[in-house]
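Novice: only the shape, not the letters, is given here:
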């Protein structure tokens, strides 16, 4: 089982759109996939037309076990299941501290799914608290969407230094460009700089187009509703580039 | 651009084997009526129809069916499931439809089937063409809560072909069991009933004009204890003639080695029946037909020998030390070359006038009504008495002769004992329907253990001799020739050692067989109970 977190410590960078489309593409390719919506805003859940409700709330979630299994919903797509979000997930941070090893709790919870799924994707809320540390511990790979703006680059640097300080392996962090406007000179320059300066930045970018925003109306991954579209191709490219970097040539 | 996929899918998982519910549809029911019936309660989204063809396979003697297995290809995959079940036991990707187990790609499926199929060829029984249309049942969020798959199955391609069956599959979606229960309720209210014991397999095979389990190399002869012995014997012989004819018809196609094998066994059993069920037919008749069937058996001896050695190719190679394994190849190449000639000889034999004459006379004889008054002493004896007498006598002979061999195990005597056992085995199988099934089954199984020991020993003797002869026969071609001879020599050495081991095991095997307990069982079942009935 592979675990991948779509994570960013900055909001509005396209995490959910990425999580929804990548999990769809993985499932299409045959991997039994579970998308865990950890964000109390429950956007992934909304995209898949599932009610944002965990039967036992954040408390039940954090306890783990068979109760979580019962909350999982099959999506409309083959091989793709969803663990819906719940508004009470906003209390997750506090709940972790009740356990002996609060930073390893999430990893322990998903152990249950090892036999059932090939791939687990976390759609994460904006956080760099204990939930973030749980995510870092539970995930083999972390994929960070980057908008090529100064502020976004700045938060990325913050993330890397946080990892260094707290001894998290920054080698499992991969970044890619999101919401890219190629007409903007600044976007181009920043992308070139990032590719040069940082390890693990994938040569893949998701353009800033309305097709992706339309997902909120269609309530379908764009890779499913318009498989041949520019947006869909961009996600396919991202998925290929990520797998290449993570599995074929881990040293890039 | 399609992403190359590196998160490797791990095959079928438990959750994919979710129970699909199958519903039976009223006759003449169509898809439109189905959607109409549900439209009041659900939003339905119909997806494009999917066409699928599948072909069902089994061996000529229904080895898979007899184990309640269904093997079929669909797309580029081979699937195995149990009858009446939908979940797949094993599946494997294939590039061509395998005929023999050794054609299968290495897989769990191959391992599973190898002990079942062994040397038998897979035959395509029939093809099915299915058109299935998925209807997604949506809730108010337009989220799919279940899928209803309407499937039409036809024995031929195209929409105009007659429909063999239509079914409705309900595929639940994880996490929506309540909605699914409601849907089931609605379906039941609309007149659909969940279907339990039914499998399209039977309809498909029947539509192809075949009858599952219709052929078996085992004897299934039903006799009536009070029947006249000559009549019963003719029943047995007619059954054997049927087996001969069925296999003969397939010999020329050379699909696998077992058509010939079953054909030969039926001949051997016929000869044995003529010899062992004594004094039911006039002596001249018996003698003539025994001679005839000896001739018919002989013209396939060479082919059967070659089949046996070629089937054992891998076994023989595995016995050899690794350095010699490839050196023996010229031997098998030579045998393979000879085999096609031997096959032609058999086909010519079957087409000969002599064969036609023998079979014609034989059928005429079997069709003759029984003679009244009887011409021979046992002809009108109730078959149960004759069966008891013959089986018991043969058994006692084996025990007597076997005991004599125990001290001094001569090869010749073992050979004679093997033949005697075979005769007893055939007798017990011919007449098994006359005796309590469980009891005779146990006695046959015990005899089989002894036969296996004697048979293995005989096989090794024959193989040794054959290899010696063939070594002389092999065309000499320098260096390679010498290497083959070394390999054959080595093989003979190995076979000889094995022979000794089996010979040593004879004493124990026989003593077990001739145990007092077994004797009592035989006596109880076969010793004649009403003295004086058989002159």
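Specialist: Everything's here; your move. Since the structure is predicted, the reported quantities are computational estimates derived from the model, not experimental observations.

Novice: now do the SS call for the closest residue to chain B within the stretch 151-252 of chain A.
Specialist: Nearest residue of the stretch 151-252 of chain A to chain B: residue A:240, at 3.7 Å (Cβ to the nearest Cβ). To be clear about C-beta, it is placed using only N, CA and C from the backbone, and glycine gets the same treatment. Classification of residue A:240 using DSSP: H, G, I helix; E, B strand; the rest coil returns helix.

Novice: how about residue B:181?
Specialist: helix.

Novice: circling back: and the pLDDT for the residue of the stretch 151-252 of chain A closest to chain B?
Specialist: Listed pLDDT for residue A:240 reads 94.

Novice: what about it, neighbour count?
Specialist: Residue A:240: 19 surrounding residues under other Cβ atoms under 10 Å in any protein chain shown.

Novice: the one 5 residues further on too?
Specialist: Residues within reach of residue A:245, counting by other Cβ under 10 Å, total 21.

Novice: which stretches of chain B form strands?
Specialist: Secondary structure of chain B, counting by DSSP state E: strands at B:21-24, B:43-46, B:50-58, B:69-74, B:77-82, B:88-93, B:123-138, B:144-154, B:165-172, B:193-194.

Novice: nearest to residue B:291, out of these?
Specialist: strand B:123-138 (35.4 Å; Cβ to Cβ).

Novice: measure residue B:454 to residue B:414 for me?
Specialist: 6 Å (Cβ to Cβ, to the nearest Å).

Novice: next: residue B:391.
Specialist: On the measure of Cβ to Cβ, residue B:391 and residue B:414 end up 22 Å apart.

Novice: got the strands of chain B as a markdown table, with mean neighbour count and mean pLDDT columns?
Specialist: What follows is the strands of chain B, written out as a markdown table (neighbours: other Cβ atoms under 10 Å in any protein chain shown; pLDDT from 0 to 100):
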| stretch | mean neighbour count | mean pLDDT |
| --- | --- | --- |
| strand B:21-24 | 19 | 74 |
| strand B:43-46 | 13 | 91 |
| strand B:50-58 | 16 | 93 |
| strand B:69-74 | 20 | 95 |
| strand B:77-82 | 18 | 94 |
| strand B:88-93 | 16 | 92 |
| strand B:123-138 | 19 | 93 |
| strand B:144-154 | 21 | 90 |
| strand B:165-172 | 19 | 85 |
| strand B:193-194 | 12 | 74 |
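
Novice: out of these, flag the one nearest residue B:245.
Specialist: Residue B:245 lies closest to strand B:123-138 among the strands of chain B, at 18.1 Å (Cβ to Cβ).

Novice: by contact count, what packs against that closest one?
Specialist: helix B:31-39, strand B:43-46, strand B:50-58, strand B:144-154, helix B:200-207 (3 or more Cβ pairs under 8 Å, 6 or more residues apart in numbering or on different chains; DSSP states H and E).

Novice: ok, now which ones touch the residue in the stretch 351-500 of chain B that chain A sits nearest to?
Specialist: Nearest to chain A in the stretch 351-500 of chain B, going by Cβ to the nearest Cβ, is residue B:445, at a distance of 42.0 Å. By Cβ atoms under 8 Å, 6 or more residues apart in numbering or on different chains, the contact set of residue B:445 is empty.

Novice: report back the residue of chain A that's furthest from centre.
Specialist: residue A:185 (28.0 Å; Cα atoms, centre = their mean).

Novice: more neighbours: residue B:391 and residue B:414, which one.
Specialist: Remark: of residue B:391 and residue B:414, residue B:391 carries more neighbours, 25 against 20, as counted by other Cβ under 10 Å.

Novice: export the strands of chain B as JSON lines, with columns for distance to residue B:106.
Specialist: Converted to JSON lines, the strands of chain B look like this (distance: least, Cβ to Cβ, whole Å):
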{"stretch": "strand B:21-24", "distance to residue B:106": "34"}
{"stretch": "strand B:43-46", "distance to residue B:106": "41"}
{"stretch": "strand B:50-58", "distance to residue B:106": "19"}
{"stretch": "strand B:69-74", "distance to residue B:106": "17"}
{"stretch": "strand B:77-82", "distance to residue B:106": "13"}
{"stretch": "strand B:88-93", "distance to residue B:106": "9"}
{"stretch": "strand B:123-138", "distance to residue B:106": "23"}
{"stretch": "strand B:144-154", "distance to residue B:106": "32"}
{"stretch": "strand B:165-172", "distance to residue B:106": "32"}
{"stretch": "strand B:193-194", "distance to residue B:106": "39"}
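
Novice: which residues does the helix or strand that contains residue A:195 contact?
Specialist: Assigning secondary structure by DSSP states H and E places residue A:195 in helix A:185-197. The list of residues contacting helix A:185-197 from outside it, by Cβ under 8 Å, 6+ apart, reads A:146, A:148-150, A:153, A:175, A:177, A:180-182, A:201, A:203, A:205.
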